[in-house]
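*Asks:* sequence and predicted structure below; questions after.
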Amino acid sequence: MAVSPKDVRHVAGLARLGIPESAVAGYVEQLNGILGHVDVLQRVDTSAVKGVVDAAEQGMPLREDVVNPVALHIPRERWAPKMVEGFFLVPRLATHEDAGEES
Amino acid sequence: MSGTTWEMVVGLEVHVQLKTRTKAFCACSTTFGDPPNQNTCPVCLALPGALPVLNARAVELAVRAAMALGCTVHPRSVFARKNYFYPDLPKGYQISQADLPIATGGHVVLPDGGAVGITRLHMEEDAGKSIHDRFVGMTAIDLNRSGVPLIEIVGEPEIRSAAQAGAYLRALREILLFAGVSDCSMEEGSLRVDANVSARPLGESEFRNRTEIKNLNSFSNVERALELEFARHVATYEAGGTIHQQTMLFDALKGEVRAARSKEGSHDYRYFPEPDLPPLLLAADWLETQKSAVPELPAARRARFRADFGLGDKEVDALTTEVETADYFDAVSRASGDGKAAANWVLGEVLASLNAAGGRIEQFPITAKRLAALIALVKDGGVSSTAAKTLFHTMRADHGEPKAIAERDGLLQVGDDSALIGWIDEVWAELPDEAARFAAGEKKLVGVLVGAVMKKSKGRADPKKVNQLLAARAT
Amino acid sequence: MSTHLLDQGAAAIASAVSEGRTTAAQIFAEAEARRVATHAGPDSLNAILWPATSAPDAPVSHGPLAGVPVALKDNIATRVLPTSCGSKILAGWVSPYESTVMRKLREAGAVLVGKTNMDEFAMGSSTEHSAYGASRNPLDRSRAPGGSSGGSGATVAAGIAPIALGSETGGSVRQPASFCGIVGVKPTYGRVSRFGLVAFASSLDCVAPFGRTVDDAALALEVISGHDPLDATSVDVPVPSMRVGPGSLEGVVIGVPREYFPASLDPAVRAHCDRALEALKAQGATIREVSLPHTDYAIPVYYIIAPAECSANLARFDGVRYGMRIEGQGVRELYEATRVTGFGAEVTRRILLGTYALSAGYYDAYYRKAMDVRRLIAQDFDDVFASGVHALFTPTAPTPAFSLGAISDPYEMYMSDIFTVTANLAGIPGMSLPIGRVNGLPVGGQLLAPHFAEPTMFRVAYALEEALGQEAHR
């Protein structure tokens, strides 16, 4: 399962990392190096634990439906990179579907 | 291929906002319409280091919805991260459920007796709102919605016509409204529909490629969009073309369905179990108590109205178009102990009054308790039915007790013989001809005389007694 | 300097402040003087990135940590100093809310002296991956203090504060504790709230304290432990006393897992471990060789799970709501420019790796498989502890502190966590304490215990610290 330059470009796109083309080869090599060590996992017999639920599993604690948000001690306007009239602004997207949301 | 009969295949995905005070994973208010980003905190802004904690009420309402739809609720379900970048998705992932949703199975019964299966019902959080037309060249992000609790109800691809899709949606909406889990308002975005549609020659068992239509903002637009998209599929096939799996947008103004710019199939959401949230474990005894917390659903309610009050289909339908109307009617009928009278009043004066003046029945000034008092007053003979209508209209602005208002306004029925005889004597003097003929045995004139007495008494005379007293003067 | 109150431990400082023998401001002034002295010139420790240069406004005079200077790793949210996670993408970010651990420290009377250097987003084992330059080891400034919580480790080792908080994902407190000759404790997963700890890999991350001594670390852990309704993974169990003090180890069975003593282990490290085991035996402990057969898979499992979780956890750094923003033609360009500029090479590498491991077609082979093997690793510990072993003893790291710049291969650097990462994968508590020195460089011994058995672990640690005495620093 060797990682190809195409794979690196694909995952960089998914992760919105604009890595320069000149860096792709280096990442291919590094990822293959790391995954080469990871491949030993394929040899481990995991049939005994597959899908088994721990009997002592702790369930999720729930929160009462009461309005009590954690306070923001510094107003949003002070740290947001671009905020106008209370909105966070980003470059124009034509519609919700046009986000380049191909991830 | 022309001459082929084509069959429409539709599966609907419905997102419903749960009626909670706070968001799914933080204690921010879910109030609609507040100033932008006012209802946000470190959690729903995805500030570094913030963590989600699930709202107990959201779980209750999701379970209630699942039970109302006949789903199997799972004692163990797991939240997952659905990863994608969008400016109104602060964490860069949506907390949803994937492999192990809170409920599966279930169905919605349609008015024609048919049923549409439900594949799954899962919990998730909403994204924020992107506003594209407020600032030049910029999109504005409001995260007040970010993290609001939703359920997604995925229906089986068992719908075969646009009309059936509409019927399914209306029936589903009604069940959710009666179950009290959501406001189901498409205007406020608390109910949203995505439609998956494909076409195939009638008799073919395999499904063909489907397209997903988004941006559907009313049930009638769902029906319109399905017809349009189905026609496009059929025309494409008949011209020898192929349909590709993709996302379509419905444009209600232009009345057209067009392809969205993003390509379906290139989505790679990289779901994995949400490590910030342990599995949701629901104890058997807790689930049992939730079962009894499911309010009476529309079908059961209609059957009861028919059986208990002898109401006809038209009356029952009018009383159950909205859960609030049905609740109001139930409250009036319980408090007055007279279902028939309650139905007459609600279907008559109450709905007419609401239609004329607008407003919601929950805010109607004549509460169920006050209407029941009015009904009791009529029943005891305290006011005539004519006076009762006058009284009803006064009660809309006057919050006093019906009896007190009637007394003040002189609407209480007069049954006292001397007062009645006085009025009869006056009528006798004013209409000597009619009086004489009546006394001589012309019985049909009783109407004229009673009417005159009622008019003179300003509607307060007890008509029964007036009749008796007049009868005594006839030979 | 050794007679100064600041060197006598957190408990001594707290009682002196409570009893009015000194003030928090006086203690702070000494800590600040030491920071200034160690943070000057080309050999600066660079341990504290964002110092609190002035004494606390409100005098602190009560609480178990009254007037005790503490330093926090730069990925733990505080309201008064930046929380930049050692990253450019959060340069200058001051959190508008406070972490639960900072609140608990504050309420216990502790005084924040600074935020400490770290590998960017806690990804690294040397602090060399900090966007603000590497920290130096106070015992040998040509060497790394370890990482990723190297700045906190160096701060405590340099005597600036007796207590510091770091965070652990795969050994990021125990390994620097070992390198710096101090004590570092990774609590049971769920023992300490993560609210306000900037996430790297949520299922592994823990806030973890450093102390000069076992007692300092135990006291710090006691203060920061406890259920937090703001963290759904925090466990609602009572907080026991961690400060059990030294005593006999009669009846205590200590397991020695053979997989942690490979033939390749540095002989000097092995020799110190043997000496520590002799000391434990002398205190009455029974030493038993045991096996944790899936140990070799821990690093591969870790390097799938941690990057996978980090790829999602770091998606929020997008330039939209806070932090660095590089404008672009459209949103996509804004995202890509911001993220590629804001993240360093190691973070980028791990996001790519994690995204790959989760992407369509690879999920089962990598992520699901790694999660299953993780279960087997946890099962190994369960089995050993169920067999009557109370705690395990191992070396903390395969080597003493390495030289800055010595390791360039990512995977070789990852192997530095080989003995520590298992505790994170299993969720059990672990700690490192000094057991000797090699050529002047500290060697740490590691104790591991069952879930929520920190008191047992501390019992062994106090006894070992007492038994070794000054030998631990020789």
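*Replies:* Arrived safely, thanks for sending.

*Asks:* please make it C-alpha for all contacts and neighbour counts, starting now.
*Replies:* Fine.

*Asks:* so where's chain A uncertain?
*Replies:* Within chain A, the stretches with pLDDT under 70 are A:1, A:94-103.

*Asks:* nearest the geometric middle of it, what residue?
*Replies:* By CA atoms, centre = their mean, the mean C-alpha position of chain A lies nearest to A:Ala15, the distance being 6.5 Å.

*Asks:* contact partners for that residue?
*Replies:* Applying CA atoms under 8 Å, 6 or more residues apart in numbering or on different chains to A:Ala15 gives the contacts C:311, C:315, C:351-352, C:355.

*Asks:* at 10 Å instead, please
*Replies:* Going by CA atoms under 10 Å, 6 or more residues apart in numbering or on different chains, A:Ala15 touches A:9, A:103, B:83-85, B:92, C:311-312, C:314-315, C:335-336, C:339-340, C:348, C:351-352, C:354-356.

*Asks:* narrow these to those in helices?
*Replies:* Using DSSP state H, the subset of the contacts of A:Ala15 located in helices is A:9, C:311-312, C:335-336, C:339-340, C:348, C:351-352, C:354-356.

*Asks:* of these, closest to chain B?
*Replies:* Lowest distance from chain B to those (CA to the nearest CA) belongs to C:Ala312, with 6.8 Å.

*Asks:* got phi/psi on C:Thr116?
*Replies:* Here the main-chain torsion angles of C:Thr116 (degrees, to the nearest 10) amount to phi -110, psi 150.

*Asks:* if you could redo that for A:Arg63, that was the one I meant.
*Replies:* Taking degrees, to the nearest 10 as the convention, A:Arg63 sits at phi -110, psi 140.

*Asks:* what does C:Ser148 give?
*Replies:* With angles defined as degrees, to the nearest 10, C:Ser148 sits at phi -80, psi -10.

*Asks:* just to check, it is in contact with C:Phe179?
*Replies:* No. Using CA atoms under 10 Å, C:Ser148 is not in contact with C:Phe179; the gap is 11.8 Å.

*Asks:* can you classify C:Leu433 by secondary structure?
*Replies:* At C:Leu433 the chain is in strand, as set by DSSP: H, G, I helix; E, B strand; the rest coil.

*Asks:* could you give the bridge partners of it?
*Replies:* Counting by DSSP bridges, C:Leu433 is bridged to C:Gly445.

*Asks:* alongside chain B, which residues does the stretch 1-150 of chain C contribute?
*Replies:* Counting by CA under 10 Å from any CA of the partner chain, the stretch 1-150 of chain C comes close to chain B at C:75-77, C:83-85, C:90, C:93, C:95-99.

*Asks:* out of those residues, who's near chain A?
*Replies:* Within these, those near chain A by CA under 10 Å from any CA are C:93, C:95-98.

*Asks:* may I see the buried residues of the top helix by length along chain C?
*Replies:* Ranked by residue count, the top helix of chain C under DSSP H comes out as helix C:369-386. Neighbour-count burial for helix C:369-386, counted by 16 or more other CA atoms under 10 Å in any protein chain shown, picks out C:369-382, C:384-385.

*Asks:* got any residues that touch both of C:Ser148 and C:Phe179?
*Replies:* Counting by CA under 10 Å, 6+ apart, the residues touching both C:Ser148 and C:Phe179 are C:126, C:173.

*Asks:* tell me how far the residue of chain C most remote from its centre lies from chain A.
*Replies:* What lies farthest from the middle of chain C is C:Gln329; by CA atoms, centre = their mean that is 41.2 Å. Distance of C:Gln329 to chain A, given as CA to the nearest CA, to the nearest Å: 7 Å.

*Asks:* residues in contact with C:Asp119?
*Replies:* Shown in contact with C:Asp119 (CA under 10 Å, 6+ apart): C:74, C:85-87, C:125-135, C:146-151, C:172, C:344, C:346-347.

*Asks:* pLDDT score for it?
*Replies:* As predicted, C:Asp119 sits at a pLDDT of 98.

*Asks:* and if you look at B:Tyr84?
*Replies:* pLDDT, B:Tyr84: 96.

*Asks:* tell me, how many residues neighbour it?
*Replies:* By other CA atoms under 10 Å in any protein chain shown, the residues close to B:Tyr84 number 24.

*Asks:* what sits against the residue of the stretch 301-450 of chain C found nearest chain A?
*Replies:* Closest residue of the stretch 301-450 of chain C to chain A, CA to the nearest CA: C:Glu336 (4.3 Å). C:Glu336 makes contact with A:12-13, A:15-19, C:318-319, C:326-328, C:342, according to CA under 10 Å, 6+ apart.

*Asks:* redo the residues you listed as TSV? Include secondary structure.
*Replies:* Formatted as TSV, the contacts of C:Glu336 follow (three-state DSSP):
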residue	secondary structure
A:Ala12	helix
A:Gly13	helix
A:Ala15	coil
A:Arg16	coil
A:Leu17	coil
A:Gly18	coil
A:Ile19	coil
C:Asp318	coil
C:Gly319	coil
C:Ile326	coil
C:Glu327	coil
C:Gly328	coil
C:Gly342	helix
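
*Asks:* just the element for B:Val193, please.
*Replies:* Secondary structure from DSSP states H and E places B:Val193 in strand B:191-201.

*Asks:* and the helix or strand that contains C:Cys273, what does it pack against?
*Replies:* Per DSSP H and E, C:Cys273 falls inside helix C:267-282. Here helix C:267-282 touches strand C:253-257, strand C:286-290, strand C:391-395, strand C:430-438, strand C:441-448, helix C:454-468, going by 3 or more CA pairs under 10 Å, 6 or more residues apart in numbering or on different chains; DSSP states H and E.

*Asks:* tell me which of the ones in helices among the contacts of A:Ala15 is nearest to B:Ala439?
*Replies:* Using CA to CA, C:Ala312 comes nearest to B:Ala439 of the ones in helices among the contacts of A:Ala15, at 97.7 Å.

*Asks:* which ones are touching the closest one?
*Replies:* Counted by CA under 10 Å, 6+ apart, C:Ala312 has contacts A:15, B:81-84, B:91-93, B:270-272, B:274, C:199-202, C:351, C:354-355, C:358.

*Asks:* for A:Val24, see how far away the residue nearest to C:Ala29 when sequence neighbours are not counted is.
*Replies:* Excluding its sequence neighbours, the residue lying closest to C:Ala29 (CA to CA, 6 or more residues apart in numbering or on different chains) is C:Ala55, at 7.0 Å. According to CA to CA, to the nearest Å, C:Ala55 stands 49 Å off from A:Val24.

*Asks:* equivalent analysis for A:Pro5, please.
*Replies:* Taken as CA to CA, the span from A:Pro5 to A:Val24 is 6 Å.

*Asks:* kindly report the same for C:Ala58.
*Replies:* Distance, C:Ala58 to A:Val24, using CA to CA: 53 Å.

*Asks:* more crowded one of the two?
*Replies:* Neighbour count, other CA under 10 Å: between C:Ala58 and A:Val24, A:Val24 has more, with 18 against 8.
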